[in-house]
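> what shape does this take:
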Amino acid sequence: MVGKVTKSVLQEYVEAVVLAAVLAAFIMTFIARSFFVEGYSMEPTLHHGERLLVDELTYRFRPPARGEIVVLRFPANPRMRFIKRVIGVPGDRIVIQGGRVILNGRPLEEGYIAEPARSDAGPYVVPPDSYFVLGDNRNNSQDSRFPTVGYVPRRLVVGRAILRYWPLTRVGLVRLPAPWSAVAAP
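Alright, predicted model coming up:
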């Protein structure tokens with residue numbers, strides 16, 4: 001009779017911890033990552049101190065869409081990460097006039113912003129493989145209107161915000177505002 005080989009309890013724990021670490025590293029590298037909202041540029045949609053789950057997989061299969069909230073590497077310092085809303089995709093023409101964003105000749109209905117922009121800007125025409133992003137708090141946001149950000153190359157877009165998980169009183173999906181589904185392409 002051959003003796004049965006059994007694992008020690010310690011070996012079982014070590015294997016479980018190693019497997020969990022490998023799985024967590026895979027998820028954080030290829031699928032999703034936690035993001036801490038710093039600052040006030042996305043209010044009232046997102047608030048300073050909130051924590052989000054950011055989907056890093058979707059944009060491997062399709063480009064970012066208008067209206068989505070994305071985490072991006074700051075063009076002037078790619079080690080920093082920002083969170084903004086995609087307003088324009090390649091080929092779009094954007095003008096900010098009288099406090100309203102005009103996309104491809106049509107004013108956007110933006111019920112989600114803190115207040116209209118105080119200054120006019122543009123026109124901007126989004127180049128290929130780039131995006132025009134704005135914060136929802138238009139008067140307190142460093143975004144594509146400023147030379148330090150400008151048009152954001154696709155390679156600097158990390159992923160899209162999909163879930164707010166902290167604070168617990170605001171847990172929920174980060175949804176695309178209704179007006180964005182009706183915005184026409186150029």
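> nearest spatial neighbour of residue 44, skipping sequence neighbours?
residue 114 (5.5 Å; CB to CB, 6 or more residues apart in numbering). In this view, the C-beta of every residue, glycine as well, is placed from N, C-alpha and C.
> and the one you found, what does it touch?
By CB atoms under 8 Å, 6 or more residues apart in numbering, the residues touching residue 114 are 43-44, 136-140.
> between all of those residues, which two are separated the most?
Using CB to CB, the pair of the contacts of residue 114 lying farthest apart is 44 and 139, separated by 12.7 Å.
> is residue 116 in contact with residue 137, as I believe?
No: Residue 116 lies out of contact with residue 137 (CB atoms under 8 Å); the separation is 11.1 Å.
> number of nearby residues for residue 142?
For residue 142, the tally of surrounding residues (other CB atoms under 10 Å) stands at 15.
> mind checking the SS state of it?
Under DSSP: H, G, I helix; E, B strand; the rest coil, the three-state class of residue 142 is coil.
> flag the shaky bits of the chain, pLDDT-wise.
1-6, 18-32, 179-186 (pLDDT under 70).
> centre-most residue in it?
Nearest to the mean C-alpha position of the chain, by CA atoms, centre = their mean, lies residue 70 at 1.4 Å.
> I'd guess that residue is in a strand, am I close?
Yes: counting by three-state DSSP, residue 70 is part of a strand.
> who are the contact partners of it?
Here residue 70 is in contact with 64, 83-86, 131, 133, 157-161 (CB under 8 Å, 6+ apart).
> for residue 82, same thing?
Residue 82 neighbours (CB under 8 Å, 6+ apart): 41, 71-74, 142, 149.
> what's the longest strand in this protein?
strand 77-88 (DSSP state E).
> which residue ranges of this protein form helices?
Remark: helices assigned in the chain by DSSP state H are 9-30.
> correct me if wrong: residue 101 contacts residue 109.
No: between residue 101 and residue 109 there is no contact under CB under 8 Å: 9.8 Å.
> of those two, who's got more company?
Higher neighbour count among residue 101 and residue 109: residue 101, with 23 against 14, using other CB under 10 Å.
> gap between that one and residue 95?
From residue 101 across to residue 95, the span is 8 Å (CB to CB, to the nearest Å).
> ok, now residue 121?
Computed as CB to CB, the residue 121 to residue 95 distance reads 8 Å.
> ok, residue 56 next?
Residue 56 sits 32 Å away from residue 95, going by CB to CB.
> for residue 47, which non-adjacent residue is closest in space?
Take residue 47 and drop its neighbours on the chain: the residue closest to it by CB to CB, 6+ apart is residue 37, 6.6 Å away.
> just list the residues touching that neighbour, thanks.
For residue 37, the contact set (CB under 8 Å, 6+ apart) comprises 46-52, 83.
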